[in-house]
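Undergrad: Let me see the structure of the following:
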Amino acid sequence: MTGSRTKACRIMISEIVIVSHPVSVSVPVNYRVTLSVRAEGTGILNYQWFTDDEMEVLGGTNADLIINAKKTQLYVCRVNDHFCNCVFSEWVKVKVWDMDKSGLPLHWQGEPHIAVNPEPQTVRHGAKLTLRCVAFGVPTPHYQWYRNGQLLVDMTGDTLQIDCATAEHRGSYLCSVSNVLEERWTEPVEVDIVQTDQLLPAALTATDKVALLIGNLNYSNHPGLMAPIMDVHKLANLLQQLGFRVVSLLDLTREEMLAAIEKFNQLLDRGVYGLFYYAGHGYERAGRNYLVAVDAPQPYQPENCVCVQRVMHSMQQRQTALSVILLDTCRKWYNQDCIPSVIMPLKPSGNTVYGYGTCEDAEAFEVQDGGKSTGIFTKYLNKYILHSEKVTHVLEKVSEDLGKDPLITGKQAVEIKHTLKEPRSLADPVRATGHTRELHLRDACWRQANELPKKKRLMFLCGVEVQVSFSALFSNVLMAFATIKATGRRTQDCTVTLSSVPPMEDIFSGPGRSEEMDSLLFKTSDNSDCALRLCALQRLKESLVIKVDLHYTHTDSKLRHTESQQLDIGKPLVASCKLYRRRSHATTDKKCEGASAQTIGNISSSRPLLHQTLAGPCRPFTRKAECAAKVPVTRSNEPEENDENELQDFTFQC
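TA: Next comes the predicted model:
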């Protein structure tokens, strides 16, 4: 009898079969990776993951191994049962690239994402030719290089290398990057082989790229605008494609603007490319440009606004490799009847570029065509900004196209100022070698303004399951989505609504905001049942709570019921930066109060007319800021306003 039982047990024992092996991946440093293995066998299966140094992975005892990728490493999983059967998965490589991942799409699913494109080369005859393409992907992408459209056999790595280049290697190169999800292609690059002993200049690179974009549109005391929404949104997406870490903000007060610039400054360092963009009302006075905050009074003075030259000065103090300031705002002279201030604009140091949307004493225009509005300067800027050319050449193309636009002929012309010592481009690659520690510190600081709440599934008493997810529209505008994932046995006609505690204003729901603009910006999450816009997060001083109300009809009583749950999401996105608590403002505020007392007698209190052109769907609308009406002033030998000394108080702490 015992022998029969033993024989039966042996028949039940079967081999373990791995039906799905883990796959190799290629990811940026600190990316969260999941390796998975699926196996079939008799009874309960046990798992243990190992690395290539034969070390057990601590906690790696599940079929799914979640790791925070720190370095390139090999992994394998052992699967065993209680009958002493054992089998190993295939070895897989987690390839980790020590580079920024901010350019990854928000909801990246593992499709190939090209992080480093090959660069054009001019190589001496007989020298080494190297072209590099780096792509993230899950699974790891496959590379295939081409020259002049012809496949290069055996050139299937991320780096194409020819030890001794000759004339036959001259041509146009590109690389195909693919995995099971998708195929992507790099842009073609030209390789020239020259007969010269002259040393080639080293390729220009950045140690990092950081951008701050501000769009002001809903003014308390001045004409409202529409275009900054689309302008900031589109430009942010394009800059991310160029590898910039982007913080995009809408509708900031003066204190919030200064605090945001202070945080932005902390992300700058030696070798970094810094870009500051502003769309909204502005003006020029005494050779300086001022950006009008949404809370600026009517009429306003320089102390109610932000001085652009100070922003530039603060960027240069960080010894950036490239500082770019792009202004889509008016430059009408302010109170020009008074004696001009003797203060000259701050002289920029090397590698600084100003791109003004218009010239001195002129307005900048936005086109309001139905619901889609854009600043004309930014419209053409977006057209060329991805080009791999010297940044001033890009702005020259913008200037040429804008000059041909019949809507603003004779009214608006781009002005470019620069002190470039090198042919720097916004498309220059990031090389963090030797700066990895600084890169990681900036990454942590940048993430603070871009941290999204994790999605959450809520189970209601009636048996209905609702998923709440989030996406960032701007760095201070959060989208919350609610999706009904499962319904209860006794529920029907289920609907869900979202609200927040405290209530957050929706700056997009004012008059003049069209459904067309909503469709361009606010694409709902896949099959979501409800969406909520949470704006002005920079003013959030406490944790944000999302209230989820579920409404349904009970199938037995036929009565309508409501159940509610609350989800605390903390301080998402820029709310965690506490822009309402700027550290270096007390002295400046006192000086502003003194300046206001000295000059208030020269300001008219009458409210001017709104400066905008009437009617017509494709007519340009001005971004001109409201200024005080002209009043007689007593000329003297003293300038009306002198803020040269105030610059000393405009410092940033890191």
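Undergrad: what residues go with each domain of this protein?
TA: 17-97, 113-194, 208-447, 456-577 (the TED database).
Undergrad: Ends of the first one, what's the gap?
TA: The one in question is domain 17-97. 33 Å (C-alpha to C-alpha, to the nearest Å).
Undergrad: what's the least confident helix or strand in this protein, going by average pLDDT?
TA: Every helix and strand in the chain was compared by mean pLDDT, DSSP states H and E; the lowest is helix 586-599, with a mean of 35.
Undergrad: and the gap between E363 and G410?
TA: Note on E363: its distance to G410, by C-beta to C-beta, to the nearest Å, is 12 Å. Every C-beta, even on glycine, is put in place using the N, C-alpha and C of the backbone.
Undergrad: neighbour-wise, which of these two wins?
TA: Taking other C-beta atoms under 10 Å, E363 and G410 do not tie; E363 has more neighbours (23 against 6).
Undergrad: who's in contact with the helix or strand hosting L327?
TA: Secondary structure assigned from DSSP states H and E places L327 in strand 322-328. For strand 322-328, contacts defined as C-beta atoms under 8 Å, 6 or more residues apart in numbering pick out 206, 231, 273-279, 282, 289, 291, 308, 311-312, 315-316, 348, 351-357, 364, 375, 377-378, 381, 391, 424, 426, 623.
Undergrad: For beta bridges, what are the partners of M459?
TA: Legend: beta-bridge partners of M459 under DSSP bridges are E465.
Undergrad: separation between it and Q109?
TA: M459 sits at a distance of 26 Å from Q109 (criterion: C-beta to C-beta).
Undergrad: Same question for G488.
TA: To Q109, G488 is 31 Å away according to C-beta to C-beta.
Undergrad: next one: I66
TA: Per C-beta to C-beta, I66 is found 17 Å from Q109.
Undergrad: same question, G149
TA: Distance, G149 to Q109, using C-beta to C-beta: 30 Å.
Undergrad: which residues in the protein form helices?
TA: Taking DSSP state H, the helices of the chain run over residues 2-12, 227-241, 254-266, 308-317, 376-384, 391-403, 436-448, 515-521, 586-599.
Undergrad: which stretch in those is the model least sure about?
TA: Note on these: lowest mean pLDDT is at helix 586-599, with a mean of 35.
Undergrad: who's V94 bridged to?
TA: In this structure, V94 bridges to V25, Q73 when assessed by DSSP bridges.
Undergrad: Burial check on it, number of neighbours?
TA: 23.
Undergrad: Show the contacting residues for it.
TA: By C-beta under 8 Å, 6+ apart, the residues touching V94 are S24, V25, V27, V33, L35, I67, A69, T72, Q73, L74, Y75.
Undergrad: What's the ChimeraX syntax to select whichever of the residues you listed are buried?
TA: ChimeraX command restricting those to the buried ones, with burial defined by 16 or more other C-beta atoms under 10 Å:
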select :24,25,27,35,67,69,73,75
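Undergrad: Now tabulate the contacts of V94 in JSON lines and tack on distance to T186 and pLDDT.
TA: Shown next, in JSON lines, are the contacts of V94 (distance: C-beta to C-beta, whole Å; pLDDT from 0 to 100):
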{"residue": "S24", "distance to T186": "21", "pLDDT": "95"}
{"residue": "V25", "distance to T186": "20", "pLDDT": "95"}
{"residue": "V27", "distance to T186": "19", "pLDDT": "92"}
{"residue": "V33", "distance to T186": "24", "pLDDT": "93"}
{"residue": "L35", "distance to T186": "28", "pLDDT": "95"}
{"residue": "I67", "distance to T186": "29", "pLDDT": "92"}
{"residue": "A69", "distance to T186": "24", "pLDDT": "90"}
{"residue": "T72", "distance to T186": "22", "pLDDT": "92"}
{"residue": "Q73", "distance to T186": "27", "pLDDT": "92"}
{"residue": "L74", "distance to T186": "28", "pLDDT": "94"}
{"residue": "Y75", "distance to T186": "29", "pLDDT": "95"}
